[in-house]
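**Q** Starting from these lines, generate the structure:
(one chain, ligands or ions: 1)
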Amino acid sequence: MQENREHWGNKLGFILAAAGSAVGLGNIWKFPYITGQNGGAAFIIIYLICILVVGLPVLIAEILLGRHSQRSPVSTFRLYAQKHKTLWIAVGWMFFATGLIILAYYNVVAGWSLGYILESLTGKIASLTSASDAAEHFRGLITTPAWILFWQFVFVSAGGLIVYFGVKNGIERIARLLMPLFFIILLFLVVWGISLEGSDKGLRFLLKPDWSTVNFKTVLIALGHAFFTLSVGMGVLLTYGSYLNKHDNIFFSGVMITLLDTVIALLAGLAIFTSVFAMGFDPAEGPGLVFHVLPAVFSSMPQGGLFSLLFFSLLSIAALTSTISILEMLVSTLMDETKFSRHHIVIGISLVIFLLGVPAALSFGEWSHITVLKLNMFDIMDYVSANILLPLGGLLVALFVGWYMTKKGVLNELFQGYGTDLSKQRAGSIWYFLVKFVAPVLIFLVFLSAIGVLR
Ligand code: PFF
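**A** Numbers count the residues shown, from 1 in each chain. Predicted coordinates:
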C-alpha cells in the first residue's frame, strides 16, 4: 500500500462519491430519451439485464483492482502486468485519454445546464411557451461563443476547485452534501410530475413494453449505455477504489452504487415523461428533449419557473459529481506518474480540459463546418469515447481481472471486508464467472456493433 495515499473518511462517503460519478447527464438527459426511442419498458428490461450481468460485475472488478493496488490506473497496470507490460501501461494511458476527451465535451453540456439555471432565474424559460420557441432560444444560446465558453469555463473551474481540495475534503465532502440534495429535488420533481393531470399517459409510455421495436441493436444500445451510466471502462472507479481501506466491502458497495444509479435513472424518466405527456408535448424528441421540449413544458405548467430552476440544478449537480470523478482519475494518474503536486496538476489539467472543450463548445456555431464523416467535433468526441473507448476499456478490465490475475488473488481481495461464508463464496464465484466469460463476450459484441461490423 502506498503510505501517503489519501483514503475516504468512511464507506458511505465512498458510496456517495461513486454513485455521484455514476449518476450524471447519462441518467437524466440520455436514459429517458433512449428509452423513449427504443420501446419504453421493453428497453428498460433489457437494460436492467445488461446492468446485472455485465455492468455490475465489471464495476466490481474495477473497484477491486484499485483497492488491491492502491494506485491509479497506469501504476496499477505497471504493478500487476507480468507479460506485455508496455501494452498494459498503454491501456492505462488510454484510460487517461478517454477521460480527457469525455470531460472536454461533458463540461460543455454541463455548462449549458448551469446557464439554464440563470435562464430559469431571470424568468426567460417561463416565457418560452412553444417547443419551437424553446428550440430557437436554445439554438441562439449555443451558437453564441461568449455564452457557451463562459459557462463551460465556470463549470470546469468548479470541478477543479473541488478536486483541488483532495479526496476527503473535496470530493467526499461535496458528495455528502450534494447527493442527498440531489435525491430530494428528484423525488420532489417525480411527485410533482405524477400529480399533474394527464401524467398517466407518461407512466404508460414508460411502463408498457413494446417488444416490436426490439432487435439486436437495442440490446447493444442498452449494453453500451450500461457502461456509460455506471462510469465503467476508463479507470475512474478503479481510482476511487484505490482510496478504499482493506476492510471495506467492495461487493456490497458495488451493488449499492449500481442500485442507486439505476433507481435514479428510472426516477428521472418518471419525472420527465409524466410532465412531457401531461403538457401534451412530443416524447420522441431525442437528444433535444431536455433543452428543447422541457423548457416549453415548464412554461406551460403552474409554477413552471420553479420546476425549471430545480430541474436544471438537478442536472448541474449530477454533471458536477461525475465531472470530479473523471478529473480525479486524471489528477491521480499524474500524481502517481510525475513529481508535481495535486494543486499544480489540478490547475494545469483544468486548463487543458477547457482548451480541449473549445472545439466541442463551438461545434454548434462558429466551427460547425469542421466535420469528419458528417460528425462535428462534439459528436466525434462523444462517439469515439462513449461507443469505442469505453466498451474497449471495460473489455480490457474484464480480461485483466478474469485472465491475467490469479483467481486466488482476485477472490482473496473480493472476500476481504466481505466475508467468506458459503452464500458469499457462491456469489463470489458467480461474479468471477461473469467477469471472466460473460462480460468479455457481450462487450466484444457491443464493440463490433459500435465500429459498425455488426448491424
Ligand atoms: N456516468 C456518467 C453519466 O451517466 O453521466 C458519465 C461518466 C462519468 C462516464 C465518469 C464515464 C466516467 F468515467
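**Q** Can you point out the buried residues in the longest helix seen in the chain?
**A** Looking across the chain with DSSP state H, the single longest helix is helix 85-121. Residues of helix 85-121 classed as buried by neighbour count (16 or more other Cβ atoms under 10 Å): 88-89, 91-92, 94-96, 98-117, 119-120. From N, CA and C alone the C-beta is placed, and that goes for glycine too.
**Q** which SSE is the residue in the stretch 301-450 of the chain that the ligand sits nearest to in?
**A** Per Cβ to the nearest ligand atom, S322 is where the stretch 301-450 of the chain lies closest to the ligand, at 4.1 Å. Assigned by DSSP states H and E, S322 falls within helix 304-337.
**Q** just checking, what packs against the helix or strand following that helix?
**A** Next along the chain after helix 304-337, taking DSSP H and E as the criterion, comes helix 342-361. Counting contacts by 3 or more Cβ pairs under 8 Å, 6 or more residues apart in numbering; DSSP states H and E, helix 342-361 is packed against helix 85-121, helix 145-164, helix 304-337, helix 377-382.
**Q** For Q82, give me phi and psi.
**A** Dihedral pair for Q82: phi -80, psi -50, per degrees, to the nearest 10.
**Q** for it, what are its contacts?
**A** For Q82, the contact set (Cβ atoms under 8 Å, 6 or more residues apart in numbering) comprises Y404.
**Q** Buried residues in stretch 146-156, which are they?
**A** 147-149, 151-153, 155-156.
**Q** can you put those in CSV and add pLDDT and distance to V163?
**A** As requested, these are exported to CSV (pLDDT from 0 to 100; distance: Cβ to Cβ, whole Å):
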residue, pLDDT, distance to V163
W147, 95, 25
I148, 93, 23
L149, 96, 21
W151, 97, 19
Q152, 96, 17
F153, 97, 16
F155, 96, 13
V156, 97, 11
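**Q** So which of these is the closest to the ligand?
**A** Checking the buried residues of stretch 146-156 one by one against the ligand (Cβ to the nearest ligand atom), the nearest turns out to be F155, at 13.8 Å.
**Q** who in this protein is up against the ligand?
**A** Contact residues (Cβ under 6 Å from any ligand atom) of the chain with the ligand: 21-22, 24-27, 102, 228-229, 231, 234, 236, 322, 325-326.
**Q** Filter these down to the ones in strands?
**A** Using DSSP state E, no member of the residues of the chain next to the ligand falls in strands.
**Q** Out of the residues you listed, list just those in helices.
**A** Of the residues of the chain next to the ligand, the ones assigned to helices by DSSP H are 21-22, 25, 102, 228-229, 236, 322, 325-326.
**Q** Just the buried ones among the residues you listed, please.
**A** By 16+ other Cβ under 10 Å, those give 21-22, 25, 102, 228-229, 236, 322, 325-326 as buried.
**Q** can you pull the pLDDT of the residue nearest to R78 when sequence neighbours are not counted?
**A** Spatial nearest neighbour of R78, excluding adjacent residues (Cβ to Cβ, 6 or more residues apart in numbering): I89 at 5.4 Å. The score at I89 is 97. That number is its pLDDT.
**Q** I'd assumed L79 was in contact with I89.
**A** No - counting by Cβ atoms under 8 Å, I89 sits too far from L79 to count as a contact (10.2 Å).
**Q** Angles on the backbone of L375, please.
**A** The phi/psi pair for L375 (degrees, to the nearest 10) is phi -100, psi 140.
**Q** Poorly predicted segments of the chain, please.
**A** Counting by pLDDT under 70, the chain shows low-confidence ranges at 1-3, 283-288, 450-451, 454-455.
**Q** and K374, how many neighbours does it have?
**A** 6 (other Cβ atoms under 10 Å).
**Q** Return the residues in contact with it.
**A** So K374 contacts nothing (Cβ under 8 Å, 6+ apart).
**Q** With L79 instead?
**A** By Cβ under 8 Å, 6+ apart, the residues touching L79 are 69, 71.
**Q** Compare the helices and strands packed on helix 342-361 and report which one is nearest to P295.
**A** When these are compared by Cβ to Cβ, helix 304-337 sits nearest P295, at 6.6 Å.
**Q** which of the residues in the closest one are buried?
**A** Residues of helix 304-337 classed as buried by neighbour count (16+ other Cβ under 10 Å): 304-305, 307-337.
**Q** Which residue would be the closest one in the stretch 51-200 of the chain to the ligand?
**A** Ranked by Cβ to the nearest ligand atom, the top residue of the stretch 51-200 of the chain for proximity to the ligand is I102, at 5.8 Å.
**Q** Specify the local secondary structure of the residue lying closest to that residue once chain neighbours are set aside.
**A** The shortest distance from I102 to any non-neighbouring residue, by Cβ to Cβ, 6+ apart, is to S385 (4.8 Å). Following DSSP: H, G, I helix; E, B strand; the rest coil, the label given to S385 is helix.
**Q** tally of neighbours for S385?
**A** Every residue meeting other Cβ under 10 Å relative to S385 is counted, giving 24.
**Q** quick one: it and M94 touch, right?
**A** No - contact criterion Cβ under 8 Å: S385 and M94 do not qualify, at 10.8 Å.
**Q** element containing W8?
**A** Using DSSP H and E, no helix or strand contains W8.
**Q** The one 4 residues further on now?
**A** Under the criterion DSSP H and E, the helix or strand holding L12 is helix 11-22.
**Q** Over to D133?
**A** Per DSSP H and E: helix 131-142 holds D133.
**Q** Pull the contacting residues for the residue of the stretch 301-450 of the chain closest to the ligand.
**A** 20-26, 106, 231.
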